[in-house]
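Visitor: sequence first, then the predicted structure:
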Amino acid sequence: MRISELPRPSPDRLLKQVQAEESKRWGARLKIFLGYAPGVGKSYRMLDEARRRHERGEDVVVGAVQLQQSEELQALLRKLELIEPLQTPSGQAMDLDAILGRAPKVCVVDPLAAQNPPGSRNPHRWQDVQDLLRNGISVLSSVNLLHVEEYKEKVQAITGKDTTETIPKSFLLAADDIVIVDVPPDLCLSRQGEKLSSTGISNSQERKLSELRELALLLTAEVVDAQLETYVHAHGIEPVFGTHERFLICMTPHSNALAMIESGKRNKERFQGELYAVYVCEPGRSKRERVTIRRYFDAAKKAGATTQVLESNDPISAIVDFARQKRITQIFIGHSDRNSWRDRTFGDPVLRLIRATEGIDVRVFPH
């Protein structure tokens with residue numbers, strides 16, 4: 001085979017591969033300790049890892065740290081080198097220039113979502129972290145779920161707490177490692193200064209913390225999925241599926257599409273996933289059928305789905321190709337108990353789809 005006949009990667013894939021390689025060029029790594037609520041102990045876990053790295057011989061410094069420290073944290077800090085913060089009229093700031101001049105291998109930055117005083121090089125501390133990474137300095141940092149911009153409203157609805165200090169989720173997705181710091185709800189509340197009753201944690205408190213923990217797990221799965229995508233693009237591997245839930249609704253004029261859309265919407269919201277809805281265009285559709293499809297498309301868009309019309313003489317192959325391209329994890333498809341002549345000739349489409357989508361769950365909605 002001549003080189004000119006070899007399949008060429010798409011421009012989008014080439015761009016992602018270059019970005020993946022570019023992000024690793026500096027040799028620095030970002031590790032984030034994520035807490036679902038204050039008091040879970042993320043700062044302790046972060047500083048304890050810094051201590052262990054220092055004892056193994058790594059050059060570790062502390063660039064920023066929480067103003068109020070427990071005795072346990074103070075004991076860990078005494079074992080590490082601290083780069084003194086800058087004192088400004090508007091408050092303390094991490095001395096980015098001093099850290100860059102010191103050029104350690106690892107820098108501890110806590111908390112990640114802090115805002116810098118006016119006049120600083122960057123308005124946000126997470127942007128300081130980007131500068132450290134670009135200069136080859138690995139970073140250990142921590143953040144609470146409330147401080148992730150895209151999750152702030154969800155956490156506020158559960159806890160009633162708000163904040164103006166946030167980081168974009170895109171920054172979190174670029175992390176090389178993420179650790180969920182988890183403790184039992186009663187210990188978490190005790191560390192927050194809450195007084196528990198004689199019977200312990202209330203049902204309301206337990207429910208709220210359980211919801212926060214679930215959100216934190218979903219966010220972590222999304223970060224892991226982004227790491228997987230970076231890896232496969234960097235190594236030229238064709239992605240098949242990921243850890244992040246992606247739902248695909250396959251619509252036809254005779255399918256129970258509204259039920260599939262409603263189920264897809266619930267799953268999308270529950271798992272913080274992505275929702276797609278497709279229709280494989282076939283010739284000879286009646287005006288009534290075309291109106292039905294338009295109605296289904298409107299309902300899918302209202303449910304937050306990304307919609308697309310696929311052109312193919314083989315609907316099953318088109319659906320499989322789309323699912324592989326988008327790394328779909330679950331497919332919703334309609335099915336009738338009656339066998340048409342097409343099914344008898346070419347085989348049951350649902351069975352064909354199940355055989356062709358190994359590794360993808362297929363959920364059948366009868367109609």
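Guide: All right, it came through fine. Numbers count the residues shown, from 1 in each chain.
Visitor: what about the helices in the chain?
Guide: Along the chain, the stretches classed as helices by DSSP state H are 11-23, 42-55, 71-77, 96-102, 125-134, 152-159, 169-173, 185-191, 203-234, 257-271, 287-302, 315-326, 341-346, 349-356.
Visitor: could you identify which of these is most buried?
Guide: Ranked by mean neighbour count, the helices of the chain are led by helix 125-134 with a mean of 21 (mean count of other CB atoms under 10 Å). Just so you know, the C-beta spots here come from the backbone N, C-alpha and C atoms, and that holds for glycine as well.
Visitor: got a list of contacts for it?
Guide: Applying CB atoms under 8 Å, 6 or more residues apart in numbering, the contact partners of helix 125-134 are 26, 28, 30, 63-64, 94, 96, 99-100, 107, 109, 111-116, 121-122, 139, 141, 167-168, 171.
Visitor: before we move on, back to that, what would the helices of the chain look like in CSV with distance to residue 248 and mean pLDDT?
Guide: What follows is the helices of the chain, written out as CSV (distance: least, CB to CB, whole Å; pLDDT from 0 to 100):
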stretch, distance to residue 248, mean pLDDT
helix 11-23, 19, 48
helix 42-55, 36, 94
helix 71-77, 47, 90
helix 96-102, 45, 96
helix 125-134, 34, 95
helix 152-159, 24, 89
helix 169-173, 22, 89
helix 185-191, 36, 59
helix 203-234, 16, 74
helix 257-271, 8, 88
helix 287-302, 11, 91
helix 315-326, 6, 89
helix 341-346, 21, 42
helix 349-356, 11, 83
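Visitor: so which of these gets nearest residue 179?
Guide: helix 42-55 (6.8 Å; CB to CB).
Visitor: which other helices and strands does that closest one contact?
Guide: With contacts taken as 3 or more CB pairs under 8 Å, 6 or more residues apart in numbering; DSSP states H and E, helix 42-55 sits against strand 30-35, strand 60-64, helix 71-77, strand 106-109, strand 138-144, strand 177-181.
Visitor: contacts for the first one?
Guide: Under the contact criterion CB under 8 Å, 6+ apart, strand 30-35 has outside partners 41-43, 45-46, 49, 112, 129, 133, 138-145, 172, 174-181, 216, 219-220.
Visitor: could you do the third one as well?
Guide: Contacts to helix 71-77, defined as CB under 8 Å, 6+ apart, come from residues 43, 44, 47, 48, 50, 51, 62, 65, 66, 69.
Visitor: JSON lines for those, including distance to residue 254?
Guide: Shown next, in JSON lines, are those (distance: CB to CB, whole Å):
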{"residue": "43", "distance to residue 254": "57"}
{"residue": "44", "distance to residue 254": "58"}
{"residue": "47", "distance to residue 254": "61"}
{"residue": "48", "distance to residue 254": "60"}
{"residue": "50", "distance to residue 254": "61"}
{"residue": "51", "distance to residue 254": "64"}
{"residue": "62", "distance to residue 254": "64"}
{"residue": "65", "distance to residue 254": "63"}
{"residue": "66", "distance to residue 254": "60"}
{"residue": "69", "distance to residue 254": "65"}
